[in-house]
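> Next come a sequence and a model predicted from it.
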Amino acid sequence: MSPKIPFNLPYLSGREKEYVVDAIQSREHCGNRTYSQKCIQKLEADFQFQKVFLTTSCTTAMEMGAILANLKPGDEVIMPSYTFSSTGNAVLLQGASPVFAEIEPNTMNLDVNKIESLISPRTKMILPIDYAGIPCEIDKIMEIANRHDLLVMQDAAQSFHSSHNEKPCGSVAHLAAFSFHESKNISCGEGGALVVNRPEWNERASFIQEKGTDRSLVLKGIKNKYNWVEKGSSFLLSDILAAMLLAQLEAAETIMNLRSKVTEAYLKLLRPHSNKGLIRILNPSSHAKLNHHAFFVIFNTEKHKEYFLTHLLGKNIHAYIGYLPLHSSPIGKKLGYKPDDLPITEDLASRIVRLPFYTNLSSQGLDYCLNGIQSALKKIQYL
């Protein structure tokens, strides 16, 4: 019987149970308690983040960021169409409008050369993503934003521990959102973080996180009762989940090193096929240091992609497609977009495959996975 290679498998560092049990026994289960503060302090110290707010997900981190940025009806936000629905929803929930842009083929990230042509008097924000952990061109994006007096919120769901020009992802943009979902390198099941890099926003961000109340001032002893002072919601990560997150953060370097072995193995296997033109493999800039979150290939035809997925599934190897572009989704069409509005995005999305990628794959099942991929690619050459 062949082994099963899942698309993803959460990693356990070894201290999760100890910390979670301790958090449960502490009777401090809500957000911003002992383990939350330990995580926040570690994130801010290790990654040059000005202020971190732990949230229930990257989705809610972006929703919190959209409120903090004062997005409102009539505002426009430039973003790639090739992203998850949460990126678009954060904008729509505030009544603002996403303006979809083309992507750059080597990274699948927002093409910075297409941004300025989309800027209008209504543009309020640029919202790039870091696909597969590959950092967007954040320095160029910030330069454009500063020149046009725009805000930048970086959807860094997949790029925790990546860096660009030796600066950690999330440390440069005005706002950045991370995911700690079980599919990510660092996981607590469900969780996220909003990074706020404008100190003058810190207090208001704490109000938004606490259901729109100034409860944080009561906890600091500044006030003796709290009031409803801001639009907000329940954006707090439970301290029980923060306990699991701390165990993962403490193992971040180990996790990244183990995952790098998977990247190296995929590169060694796939470069010859890339050189022949059968596939295109990820090609980040020399300014990028990757966290080894994911590995994707783009086939030369959609037919070859479909054959590859079917062949691997027959061997119990679970690869996956990428995002379905937002501009050609049902909601995108309601916003007035057509599939051929972004032909590069539409074409690349139809030919992309994400390979199985998880930390334990480096030590168990990798050879079987590589052999299955090699077998599929060799057969495709003779189709």
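Structure received.

> Name the SS class of N32, please.
Secondary structure assignment for N32 (DSSP: H, G, I helix; E, B strand; the rest coil): coil.

> Could you count how many residues lie near it?
The local packing of N32 (other CB atoms under 10 Å) involves 21 other residues. Yep, even glycine has a C-beta here, placed from its N, CA and C like the rest.

> how about it, what does it touch?
Going by CB atoms under 8 Å, 6 or more residues apart in numbering, N32 touches L54, L219, L236, D239.

> just L110 next, same as before
Residues near L110 by CB under 8 Å, 6+ apart: I78, M79, P80, A101, I103, E104, I126, P128, I129, C136, E137, I141.

> before we move on, the earlier item: quick check: PyMOL command selecting the buried ones in the contacts of N32.
This is how PyMOL selects the buried members of the contacts of N32, with burial counted by 16 or more other CB atoms under 10 Å:
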select buried, resi 54+236+239
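
> Of all pairs in the contacts of N32, which one is the farthest apart?
Greatest spacing in those, by CB to CB: L54 and L219 (15.1 Å).

> Helices of the stretch 201-350 of the chain, start to end?
202-209, 215-219, 239-250, 252-275, 302-314, 330-334, 343-351 (DSSP state H, counting those that start in this stretch).

> Mean pLDDT for those - can I get that in a markdown table?
Shown next, in a markdown table, are the helices of the stretch 201-350 of the chain (pLDDT from 0 to 100):
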| stretch | mean pLDDT |
| --- | --- |
| helix 202-209 | 96 |
| helix 215-219 | 81 |
| helix 239-250 | 98 |
| helix 252-275 | 97 |
| helix 302-314 | 97 |
| helix 330-334 | 97 |
| helix 343-351 | 98 |
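
> among those helices, which is nearest N283?
Here helix 252-275 is closest among the helices of the stretch 201-350 of the chain (CB to CB), at 9.1 Å.

> buried sites along that closest one?
252, 255-256, 258-259, 262-263, 265-266, 269-270, 273-274.

> can you list those in CSV and add distance to F299?
CSV is the format used below for the buried residues of helix 252-275 (distance: CB to CB, whole Å):
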residue, distance to F299
A252, 33
I255, 29
M256, 28
L258, 28
R259, 24
V262, 20
T263, 19
A265, 20
Y266, 15
L269, 15
L270, 11
H273, 10
S274, 11
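
> Closest to F7 out of those?
V262 (12.8 Å).

> how about the residue of the chain positioned farthest from its centre, what does it touch?
What lies farthest from the middle of the chain is N224; by CA atoms, centre = their mean that is 38.7 Å. Contact analysis of N224 by CB under 8 Å, 6+ apart lists V218.

> separation between it and G31?
21 Å (CB to CB, to the nearest Å).

> With S350 instead?
For S350, the distance to G31 (CB to CB) stands at 41 Å.

> Comparing those two, which residue is more hemmed in?
G31 (22 against 17).

> Need phi/psi at that one.
phi -80, psi 160 (degrees, to the nearest 10).

> Which residues are in contact with the closest residue to L370 other than its chain neighbours?
If the residues on either side of it in the chain are set aside, L370 comes closest to L269, at 5.4 Å by CB to CB, 6 or more residues apart in numbering. By CB under 8 Å, 6+ apart, the contact list for L269 reads L370, I373, Q374.

> From these, keep the buried residues only.
For those, a burial check counting by 16+ other CB under 10 Å picks out L370, I373.

> out of the contacts of L269, which one sits closest to G212?
Using CB to CB, the contacts of L269 come closest to G212 at I373, 49.9 Å.

> Assumed that closest one was part of a helix.
Yes - per three-state DSSP, I373 lies within a helix segment.

> sorry, back to before: and the furthest pair within the buried residues of helix 252-275?
A252 and H273 (31.8 Å).

> Present the contacts of L269 as CSV; the columns should include distance to P10 and pLDDT.
Listed next are the contacts of L269 as CSV, based on distance: CB to CB, whole Å; pLDDT from 0 to 100:
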residue, distance to P10, pLDDT
L370, 22, 98
I373, 23, 98
Q374, 27, 97
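
> and which of the contacts of L269 is nearest R204?
For the contacts of L269, the nearest to R204 is I373 (49.0 Å; CB to CB).

> Count the residues that sit near P168.
When neighbours are defined as other CB under 10 Å, P168 has 23 of them.

> One more: E200?
Neighbours of E200 (other CB under 10 Å): 7.

> What of E116?
11.

> Helix, strand, or coil at the nearest residue to it once chain neighbours are set aside?
Nearest in space to E116, with sequence neighbours left out and distances taken as CB to CB, 6+ apart, is I144 at 6.2 Å. Recorded secondary structure, I144: helix (three-state DSSP).

> Could you tell me how far I144 is located from E346?
I144 sits at a distance of 25 Å from E346 (criterion: CB to CB).

> which intervals of the stretch 101-250 of the chain have sub-threshold pLDDT?
Scanning the stretch 101-250 of the chain for pLDDT under 70 picks out nothing.

> Try it again at 80.
218-221, 223-224 (pLDDT under 80).

> Next, the buried residues of stretch 355-372.
Result for stretch 355-372 [16+ other CB under 10 Å]: buried residues 355-362, 365-366, 368-370, 372.

> Distance across it, terminal residue to terminal residue?
Counting by CA to CA, to the nearest Å, you get 11 Å between the two ends of stretch 355-372.

> and K124, that's in a strand?
Yes - counting by three-state DSSP, K124 is found in a strand.

> Kindly list the main-chain dihedrals of the closest residue to it other than its chain neighbours?
In this structure, K124 finds its nearest non-sequential neighbour in D75, 3.9 Å apart by CB to CB, 6+ apart. When read as degrees, to the nearest 10, the backbone of D75 gives phi -70, psi 150.
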